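Undergrad: after the sequence you'll find the predicted model.
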Amino acid sequence: MPRLADLQAAIVDLDGTMVDTLGDFTVALNATLRELSLPSLPQDAIALMVGKGSEHLVRSALQAARGSPQLYDAAWSAYQRHYEAVNGEHSDVYPGVEEGLGALRGAGLRLACVTNKPTAFARELLARKGLARHFVQVFGGDAFERKKPDPLPLRRTCESLEVLPARTLVVGDSSNDAAAARAAGCPVVLVTYGYNHGEPVRGVDADGFVDSLEELPRGL
């Protein structure tokens with residue numbers, strides 16, 4: 001685990017790290033599929049699709065429902081509309097998140113949220129869940145030319161915060177977050193309760209693991 005005294009900032013993922021948004025994804029995706037006269041998908045199947053951005057999520061859902069790839073544009077438009085309508089209604093902040101973020105800020109770290117969720121949806125969700133006040137920057141999957149696991153979003157965020165990657169902790173729930181952090185030169189800690197595409201998170205190359213964000217400051 002990196003030492004808290006060596007850190008200048010922390011970049012925190014959103015879905016599966018701070019907020020359990022699987023309920024929102026399930027409601028919005030299944031409303032989209034029904035609109036296209038396609039069968040609904042079970043929540044456990046949708047959980048495996050989360051983490052690589054909304055475009056990947058919609059394409060994966062279409063494929064799983066045996067919809068034609070030609071329906072993508074219609075599906076994307078419908079999904080945006082349905083997700084905006086339910087954003088935050090079927091999701092919950094994980095235990096310890098508020099306390100963990102507050103402790104990191106109290107230790108003098110600047111916090112940014114970097115997620116593959118579209119920026120507008122991310123900002124709205126953070127505001128609705130009372131978490132927006134912790135972050136000086138929020139960047140979604142549409143903020144940069146490439147998404148995580150590409151390191152570009154993390155590098156650009158470090159530039160925006162005017163901090164060094166080596167002194168910026170990345171906190172996430174998946175191999176996407178870890179791969180992006182490794183390539184950007186950031187230390188990375190993963191939570192054990194997130195999605196990680198259905199794979200055991202402790203098998204991912206990371207500097208540490210926590211069962212709650214509240215544990216994080218104490219472990220650094």
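TA: Perfect, thanks for sending it.

Undergrad: could you use CA atoms for every contact and neighbour count after this?
TA: Fine.

Undergrad: ok, now which ones touch residue 148?
TA: For residue 148, the residues meeting the contact criterion (CA atoms under 8 Å, 6 or more residues apart in numbering) are 52, 115-116, 141, 176-177, 180.

Undergrad: which residues in this protein form strands?
TA: When assigned using DSSP state E, the strands of the chain occupy the ranges 9-12, 19-20, 92-93, 110-114, 137-139, 168-172, 188-191, 208-210.

Undergrad: in JSON lines, list the contacts of residue 148 along with pLDDT and distance to residue 71.
TA: Putting the contacts of residue 148 into JSON lines (pLDDT from 0 to 100; distance: CA to CA, whole Å) gives the following:
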{"residue": "52", "pLDDT": "84", "distance to residue 71": "20"}
{"residue": "115", "pLDDT": "97", "distance to residue 71": "26"}
{"residue": "116", "pLDDT": "94", "distance to residue 71": "22"}
{"residue": "141", "pLDDT": "94", "distance to residue 71": "22"}
{"residue": "176", "pLDDT": "95", "distance to residue 71": "27"}
{"residue": "177", "pLDDT": "97", "distance to residue 71": "30"}
{"residue": "180", "pLDDT": "98", "distance to residue 71": "31"}
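
Undergrad: who are the packing partners of the helix or strand of the chain with the lowest mean pLDDT?
TA: Across the helices and strands of the chain, mean pLDDT, DSSP states H and E gives its lowest value to helix 216-219, namely a mean of 86. Using 3 or more CA pairs under 8 Å, 6 or more residues apart in numbering; DSSP states H and E as the contact criterion, the elements in contact with helix 216-219 are helix 97-106.

Undergrad: angle of the helix it packs on against strand 110-114?
TA: Between the axes of helix 97-106 and strand 110-114, defined by axes from the mean of the first three to the mean of the last three CA atoms, to 10 degrees, the angle is 130 degrees.

Undergrad: ok, back up a step: buried ones in the least confident helix or strand of the chain?
TA: Neighbour counts over helix 216-219 (16 or more other CA atoms under 10 Å) mark 216-217 as buried.

Undergrad: so how far is that helix off the chain centroid?
TA: Its chain's C-alpha centre lies 20 Å from the corresponding centre of helix 216-219 when counted by CA atoms, centre = their mean, to the nearest Å.

Undergrad: check stretch 188-207 too.
TA: Distance, centroid of stretch 188-207 to centroid of chain: 13 Å (CA atoms, centre = their mean).

Undergrad: out of the strands of the chain, which is the most enclosed?
TA: strand 168-172 (a mean of 28; mean count of other CA atoms under 10 Å).

Undergrad: tell me the mean pLDDT for it?
TA: Model confidence over strand 168-172 averages 98 on the pLDDT scale.

Undergrad: ok, the residue nearest to residue 60 when sequence neighbours are not counted - contacts?
TA: In space, and not counting its chain neighbours, residue 60 is closest to residue 49: 6.5 Å by CA to CA, 6 or more residues apart in numbering. The contact partners of residue 49, taken as CA under 8 Å, 6+ apart, are 56-57, 60-61, 197.

Undergrad: how much space separates residue 49 from residue 195?
TA: Going from residue 49 to residue 195 by CA to CA, to the nearest Å gives 9 Å.

Undergrad: list the residues that contact both of the two?
TA: With contacts taken as CA under 8 Å, 6+ apart, not a single residue reaches both residue 49 and residue 195.
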